[in-house]
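Colleague: here is my input; please provide its structure:
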Amino acid sequence: MSANAPSHAPKRQPALDLLRCLAIAGVVVMHCASPLTASPDPSAVWAGVLYSSLSLFCVPVMLMISGALLLGNPKPIDLKAFYGRRCMKILVPLLGWSLVYYLLVCLQTGTTPHVISFFKRFFTGMWSGPLWFLYMILGVYLMTPFMAQAFGRGREALAWTFTAIVFAVPALNFATRLIWEMELNRFLTGAVIPYYFGYFVLGNLLNEHPPRVPGGRWTLAAAFAAGALPSAFGEFAAKGVNTMLPNTFFSYQQPLAVLMSGAIFLFFKDWSPRLEGRAANVVREVSSLTYGIFLAHVLALSLVTGQLAGPLAGLWPRALTLDWNTGGPWIGPVLTGAAVFTLSALLVWGLRRVPVLGRIVP
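Modeller: From the prediction side, this is the model:
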């Protein structure tokens, strides 16, 4: 890797911009619908598991997009520039939003903020909401220069083998959970690279070498449904009974989620909608906000649903409060999701115009 190599800046792809917008919408809808899965009303549970299952592609597709853009760049990687740019893009928002959510918890619980308490949480990852993703993607970025060398152009067979191994072990674990209600031997699962590296490499493979799918978009849409619907039925069947380990289907690494993620990625790759003028500008602008929306949407969800307590309770007008049951369980997650998405986007758009705060929503 040359020390003077050009910047490893990914080239923008309109279809991936649109897919990124859809993925972040899936994240928001999933979090707006998931409380319904604990409802005593079977209809509400059905709504919760179906919306959540339809959104299972969200995080895997985000990883696939990153892999498509970073591993697919033929330019050699300048380690200093790559790590400097990527790590700072993770560490600064992670520190900033960790502080935001920590102070939020302190205000709601009446706890006095403490520097040692904050950094203990920061370094051990004791956070709810979206911040787990930043710890995970930081590890992926640290390994990207090595994966780019191992799975670059001309080494597609090795990349497919790697991806198959990474996903085969979770698939076997999925089977043992269903058959015996037990996890696969942890020494085997712990010896294989985590699933998110598989999605990262798979995104590059499908972007650079999309397979020819008989039936085209109709087959891909059917494959997506074939992953989402059994996941919803399976998770619904597991509610309130002791015949299945919890979250067997609500997992990003189970094989049906892999099927859904690959299908929707190829659907947009094959469709490649021609967005021009105002539509193209809107998609490009929203796509640029998705990272910030991911970070801010839990805060926005707390505001919209009126869950903030203590001194923060009056920040959102009670008359505008929405939640997953507003208008019924089939309508509430959509209305709440739209409000949370819009509020998050506006918050990120505003923060970007403040010189210092803009760094936490790059």
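Colleague: pull the longest helix from the protein.
Modeller: The longest helix of the chain (DSSP state H) is helix 79-109.
Colleague: helices or strands up against that helix?
Modeller: Under the contact criterion of 3 or more CB pairs under 8 Å, 6 or more residues apart in numbering; DSSP states H and E, helix 79-109 touches helix 115-124, helix 132-150, helix 277-304. All C-beta spots, glycine's among them, are computed from the backbone N, C-alpha and C.
Colleague: and those helices: which comes nearest Asp41?
Modeller: Closest approach to Asp41 among the helices and strands packed on helix 79-109 is made by helix 277-304 (21.3 Å; CB to CB).
Colleague: any idea which helix or strand comes after that closest one?
Modeller: Using DSSP states H and E, the next helix or strand after helix 277-304 towards the C-terminus is helix 332-351.
Colleague: buried stuff in that following helix?
Modeller: If you call a residue buried by 16 or more other CB atoms under 10 Å, then helix 332-351 has these buried ones: 332-341, 343-345, 347-349, 351.
Colleague: kindly report the same for stretch 152-160.
Modeller: Neighbour-count burial for stretch 152-160 flags Gly152, Ala159 (criterion: 16+ other CB under 10 Å).
Colleague: mind listing what the closest residue to Pro211 other than its chain neighbours touches?
Modeller: Of all residues not flanking Pro211 in the chain, Leu266 sits nearest, at 7.6 Å (CB to CB, 6 or more residues apart in numbering). Applying CB atoms under 8 Å, 6 or more residues apart in numbering to Leu266 gives the contacts Leu206, Pro210, Pro211, Val213, Leu220.
Colleague: now swap in Phe162 and tell me
Modeller: Contacts of Phe162 by CB under 8 Å, 6+ apart are Ala150, Phe151, Gly198, Val201.
Colleague: how many residues are close by His31?
Modeller: A count of neighbours around His31, defined by other CB atoms under 10 Å, yields 22.
Colleague: contacts only, for it.
Modeller: Contact analysis of His31 by CB under 8 Å, 6+ apart lists His297, Val298, Leu301, Val340.
Colleague: as CSV, the residues you listed with distance to Gly67 would be great.
Modeller: Conversion of these to CSV gives the following (distance: CB to CB, whole Å):
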residue, distance to Gly67
His297, 23
Val298, 25
Leu301, 28
Val340, 27
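Colleague: mind putting these into JSON lines with pLDDT and distance to Leu158?
Modeller: Below are these laid out as JSON lines (pLDDT from 0 to 100; distance: CB to CB, whole Å):
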{"residue": "His297", "pLDDT": "94", "distance to Leu158": "37"}
{"residue": "Val298", "pLDDT": "93", "distance to Leu158": "38"}
{"residue": "Leu301", "pLDDT": "94", "distance to Leu158": "42"}
{"residue": "Val340", "pLDDT": "96", "distance to Leu158": "41"}
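Colleague: look up which helix or strand Pro170 falls in, please.
Modeller: helix 156-180.
Colleague: could you check the angle helix 132-150 makes with that helix?
Modeller: 140 degrees (axes from the mean of the first three to the mean of the last three CA atoms, to 10 degrees).
Colleague: list of residues touching the helix or strand just after helix 156-180?
Modeller: Next along the chain after helix 156-180, taking DSSP H and E as the criterion, comes helix 186-189. Applying CB under 8 Å, 6+ apart, the external contacts of helix 186-189 come out as Val169, Pro170, Asn173, Glu183.
Colleague: not counting residues beside it along the chain, what's closest to His209?
Modeller: Leaving aside its chain neighbours, His209 sits nearest to Glu156 (6.0 Å; criterion: CB to CB, 6+ apart).
Colleague: that neighbour against Asn204, yeah?
Modeller: No: the criterion here is CB atoms under 8 Å, and Glu156 misses it with Asn204 at 9.3 Å.
Colleague: quick one on the thing from earlier: buried residues in the helix holding Pro170, which are they?
Modeller: Buried residues in helix 156-180, defined by neighbour count with 16+ other CB under 10 Å: Ala159, Phe162, Thr163, Val166, Phe167, Val169, Pro170, Asn173, Phe174, Arg177.
Colleague: pretty sure the fifth one contacts Gln253?
Modeller: This means Phe167. Yes: the pair Phe167 and Gln253 passes the contact test of CB under 8 Å, sitting 7.4 Å apart.
Colleague: shared neighbours of these two, anything?
Modeller: By CB under 8 Å, 6+ apart, Phe167 and Gln253 have these common neighbours: Tyr195.
Colleague: where does the stretch 201-350 of the chain dip in pLDDT?
Modeller: 240-244, 272-276 (pLDDT under 70).
Colleague: kindly recompute the last result at 80.
Modeller: 240-246, 270-280, 309-315, 319 (pLDDT under 80).
Colleague: apart from its neighbours in sequence, what residue is nearest Gly198?
Modeller: Val166 (3.3 Å).
Colleague: list the contacts for that neighbour?
Modeller: By CB under 8 Å, 6+ apart, the residues touching Val166 are Val192, Ile193, Pro194, Tyr195, Phe197, Gly198, Val201.
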